[in-house]
Every structure is written in structure tokens, then in C-alpha cells.
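**Q** Model the structure of this input:
(4 chains)
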2 protein chains.
Amino acid sequence: MYSLLHSNFISKAPLTADEFALIEAVVKPVKLKKKTKLLTNGEVCRFSVFVNKGCLRSYSIDNKGEHIVQFAFENNWISDLYSYITETASHLTIEAIEDCELLYLYKQDMEQLYMQIPAMERIMRLQFQNAYVAVQRRLNATLSITAEERYIALLAAQPDITQRVPLLHIASYLGIAPESLSRIRKQLSTR
Amino acid sequence: MYSLLHSNFISKAPLTADEFALIEAVVKPVKLKKKTKLLTNGEVCRFSVFVNKGCLRSYSIDNKGEHIVQFAFENNWISDLYSYITETASHLTIEAIEDCELLYLYKQDMEQLYMQIPAMERIMRLQFQNAYVAVQRRLNATLSITAEERYIALLAAQPDITQRVPLLHIASYLGIAPESLSRIRKQLSTR
DNA sequence: CGTCTATTTGAATGTACTCAAAAGCGGTGG
DNA sequence: CCACCGCTTTTGAGTACATTCAAATAGACG
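**A** As a prediction, this is how the structure comes out:
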């Protein structure tokens, strides 16, 4: 149950068995059916979730519809960090795309872990450092290259995404209309 | 010289005078004339730079021209973190927009500081956590709202930007043609 | 004062969008 | 097991909006 989280953490900094036991003690395992919401627009997000199995999406909603901010597959984290940090109402909704096995880490417990386990700051510093680089690269791609190129890059990074996530959501993530992605896909298949 | 860096750090976690002295000992102050490059596409980025005075931009170049990834004003950091982390050739160039006073922190020294000063991991964890949230919000804005709305938001966040940064660069940052931003500006001035 | 760069303006072009409708696919219940 | 229903994906046609290209104007800097 905790092996994926364990290997994720110790890949960043060593942890003793006792230290990891402290983590296990506060992590809350949750199973979730597809299409279930973990967080709804307007609530304060008081947790980060580690994905042990399945996949999820976070998205904002405006008058034009949904805009997908993030997909989270196995071995990744998802949250509304802005709401988490500021403790203000979330602008995002987080929803399971598939049936999921999740590990909840509540902010209150997380702050405790930062106090109890010196390596925890390093683990999360590296986590955020990597996440920052990844999202900055995605932003740069959004501003530099075409939707078609971004779609190809997404497939390279997550080849099973087309089996697991509806085209509709992928289009939203790429910032284009579903019809446009359908046409891109058609184009690509004829090459 | 180090007061802005000092207040930036201690706003995130307490540091003793001895600890900050360790930091001062490895930080390299540099003055830079406008339009000077700190990092050129192809080099490995071995530093992060803290902006004490002035402003800079990082950008990628492709067949369509430059794409500005980040502006850095006073009290902010700039680097090519992807190159820094992976120690591979940078795809970004970093250039001073104004005459600048900068504080260089080399990776080698930074790793030492992480070992010597326990609070350093926390400071940088918070730094990256905030940076991650900011860039994710910018990405979401890029996918959700119009260039005009993003321009207005940018002005709200950094009101002096129009005095300090050419329209040309702001347009690149927003991901639109300079002509389009000129038209947006004209529109706004008539309201 | 002259040169180089930045900004504005205009006109034509093209790409992705919207709207509408049909086809495909999966899941559910009879 | 099959038929139906809802949702996703595809296809088509017309439209709108930002872009490109070109040129003029304005501004900055030596």
C-alpha cells in the first residue's frame, strides 16, 4: 500500500524505518470511484494527494467551460496548492478519471512531519523544484509550439493517455477545442 | 548589499547571524549593464541569481523568434533550473533588461549550504512551492483567459512594467504578436 | 543630428473556433 | 443477449480573430 510512496520519498532523501512509520501513521488511504470529486470549487483544499493507482484531473471552470490544469497519474501528487497555502476557497475542482487508490496527506499532519523529520523538507523541496521545472516547460511549450507538437510531446511523456483519458479532456489540457484535437489526430494517423 | 536577500530568507525561516554569514561568504555580487547576457543558450546553467536591483528576462529561441519564459524583478530569482538540475545544455538565454545588481549563488555552493544550514531546505522548499503555484496560475490563465485579460492582470501584478520593459517583450511573454498588444493597449486606452 | 530600435497602423491571410449534425462506443436495464 | 440511451468523437461549413507582411511614425542613444 505504501511501497510506491516509500520509493518515491527515498529516491529524494534517505529515511529511517521509524521516520517512514511516522509518515504512514498520518497518511490516509482512500479508494475512489471514477468521476468522484475529491475537491469542489469553493472549498478550502486542506490536503495533498499521492496517486497510488488510477488517474485524476484538476480543472477550473469559467463561462467558456472547463480548463484542465493537471492530470495526475500513479506516483504523482495532486492538490490545489494555492488554496492549500493561502487557506482560501479553491478555484479548482479535482476529480477521479479512473477508479483510484489515493494517499491523503493533510496540511496539519504535513506541517508536523516537517518538524519531526529533517529530511522531509528536502524531499518536498526536490518535489516542488521538479514540479516547478515541469510546469514551466509546459508553459513555455504552450507559448512556443503548436497544439499538434504539444499533443505529440504529451503522448511521448504518457503513452497510455489515449487509452485512459477521453480526448475531450486532453483537448482541454492542451487548450484547444475537442474538434481541433480530433482533426489533429486524423492528420497524424495519415502519416 | 545583502539586506534584501536577508529579509527574503528570514521571511521563510529563521537564520542565525552565523548561518547568514555562511551564505554571504558564497554569494557573488555582480553588476551588469542592460542587454548583457548572463547565460546563453547552449551553456550549462550552474547558478541561480537573486535580483537585488534591476530586471531581467529569460527566453527560448526557435524558428519563430524569441519566447519570454520569465521576467525577474527585485527580490526574485532567475535561472534555467532545468539545465541547473540536469546539468545539460540550456535552451534558455538570460539577459538584463535594465542595469542590474545581482547576487549569484552557484549550485556547488548551494549544495554546501543545504548541508550546513538546516533551515535552507525549508527556505528553498517554500521558494519553489510559491514559484510552482505562480507559474501554474500563469499557465492556467494562458489557457483560460484572453491575452487582453492577461495583460491587465500583469499590469496589476507589476504596475511599473510598462515603464521598465519594452512592449515587444511583454507581448512575447503573453504569447502574442507585438502588433496585437499594441492594438489591445489602444483599445484599453479608449475605455 | 543621425541611426537603430520600438511602436503603431492598415490590409490581406489563415488557422482554429463555433455551431450543427451524424456516427461510434460503452454501459445499463429489460 | 440485445436494444436503447447518453456521452464521446468525428465531420462539415461558415465565421471570427489574431497573425503576417509592409510601411510609416515615434523614441532612444550615441
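**Q** would you say A:Glu66 is within a strand?
**A** Yes - applying DSSP: H, G, I helix; E, B strand; the rest coil, one finds A:Glu66 inside a strand.
**Q** bridging residues for it?
**A** For A:Glu66, the beta-bridge partners are A:Ile61 (DSSP bridges).
**Q** need the contact list for it.
**A** Listed by Cβ atoms under 8 Å, 6 or more residues apart in numbering or on different chains, the contact set of A:Glu66 reads A:59-60, A:172. Every residue, glycine included, has its C-beta placed from N, CA and C.
**Q** Please identify which of those is nearest to B:Met124.
**A** Within these, proximity to B:Met124 (Cβ to Cβ) peaks at A:Ser60, which comes in at 28.2 Å.
**Q** Look up the pLDDT of the closest one for me, please.
**A** pLDDT for A:Ser60: 94.
**Q** quick one: contacts for it?
**A** Listed by Cβ under 8 Å, 6+ apart, the contact partners of A:Ser60 are A:41, A:66-67, A:69, A:91-93, B:140, B:144.
**Q** how does it look with 10 Å?
**A** Residues in contact with A:Ser60 (Cβ atoms under 10 Å, 6 or more residues apart in numbering or on different chains) are A:41, A:66-69, A:80, A:90-93, B:137, B:140-141, B:143-144.
**Q** for those, which one is nearest DNA strand D?
**A** Distance to DNA strand D across those (Cβ to the nearest atom of the strand) is lowest for A:Glu66, with 10.8 Å.
**Q** secondary structure class for the residue in chain A that DNA strand C sits nearest to?
**A** Sorted by distance to DNA strand C under Cβ to the nearest atom of the strand, the residues of chain A start with A:Ser180, at 2.9 Å. Classification of A:Ser180 by three-state DSSP places it in helix.
**Q** That one and B:Ala141, how far apart?
**A** Distance of A:Ser180 to B:Ala141, computed by Cβ to Cβ, to the nearest Å: 20 Å.
**Q** Low-confidence bits of chain A, can you list those?
**A** For chain A, the stretches with pLDDT under 70 are A:191.
**Q** How many residues are close by A:Lys107?
**A** If you count neighbours by other Cβ atoms under 10 Å in any protein chain shown, A:Lys107 ends up with 16.
**Q** Equivalent analysis for A:Pro159, please.
**A** Neighbour tally, A:Pro159, other Cβ under 10 Å: 9.
**Q** isn't there a strand covering it?
**A** No - read with three-state DSSP, A:Pro159 is coil and lies in no strand.
**Q** Return the residues in contact with it.
**A** Neighbours of A:Pro159 in contact, by Cβ under 10 Å, 6+ apart: none.
**Q** sorry, back to before: show me which of A:Ser180 and B:Ala141 is the more surrounded one.
**A** Between A:Ser180 and B:Ala141, counted using other Cβ under 10 Å, B:Ala141 has the larger neighbour count: 18 against 15.
**Q** Please, which helix or strand holds that one?
**A** Element membership for B:Ala141, per DSSP states H and E: helix B:118-144.
**Q** can you tell me if that helix touches DNA strand D.
**A** No - using Cβ under 7 Å from any atom of the strand, helix B:118-144 never reaches DNA strand D; the gap is at least 11.8 Å.
**Q** where's that helix relative to the chain centroid, distance-wise?
**A** Offset of helix B:118-144 from its chain centre (Cα atoms, centre = their mean, to the nearest Å): 12 Å.
**Q** For it, buried residues please.
**A** B:119-144 (16 or more other Cβ atoms under 10 Å in any protein chain shown).
**Q** Quick one: the strands in chain A, in order.
**A** Along chain A, the segments classed as strands by DSSP state E run A:28-32, A:37-39, A:47-53, A:56-62, A:65-72, A:77-78, A:92-96, A:100-106.
**Q** is chain B contacted by the third one?
**A** No - judged by Cβ under 10 Å from any Cβ of the partner chain, strand A:47-53 makes no contact with chain B; its nearest approach is 10.8 Å.
**Q** Restrict that strand to CA atoms and write it as CSV.
**A** Only the C-alpha atoms of strand A:47-53 are listed here, as CSV (Å, rounded to 0.1, in the frame of the first residue of the first chain):
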residue,chain,number,x,y,z
PHE,A,47,-4.6,18.1,1.7
SER,A,48,-2.2,16.9,-1.0
VAL,A,49,-3.0,13.5,-2.5
PHE,A,50,-0.5,11.0,-3.7
VAL,A,51,-1.7,8.7,-6.5
ASN,A,52,-1.0,5.1,-5.8
LYS,A,53,-3.2,3.8,-8.6
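**Q** Parallel or antiparallel, which strands does that strand pair with?
**A** Looking at strand A:47-53 with DSSP bridges, its partner strands are strand A:77-78 (antiparallel), strand A:100-106 (antiparallel).
**Q** in the sheet, who's paired with A:Phe71?
**A** Beta-bridge partners recorded for A:Phe71 (DSSP bridges): A:Arg57.
**Q** neighbours around it, how many?
**A** 21.
**Q** Might one say that it is in contact with A:Arg57?
**A** Yes - judged on Cβ atoms under 10 Å, A:Phe71 makes contact with A:Arg57 at a distance of 5.4 Å.
**Q** Mind listing the shared neighbours of these two?
**A** Common contacts of A:Phe71 and A:Arg57 (Cβ under 10 Å, 6+ apart): A:78, A:97, A:165, A:169, A:173.
**Q** check contacts around the third one.
**A** Just to be clear, that refers to A:Val165. Each residue near A:Val165 by Cβ under 10 Å, 6+ apart is listed here: A:55, A:57, A:68, A:71, A:73, A:97-98, A:154, A:158, A:173.
**Q** what do you get for A:Ala21?
**A** Per Cβ under 10 Å, 6+ apart, neighbours of A:Ala21: A:Leu15.
**Q** That one and A:Val27, how far apart?
**A** Noted for A:Ala21: a distance of 11 Å to A:Val27, by Cβ to Cβ.
**Q** A:Asp160 now?
**A** 26 Å.
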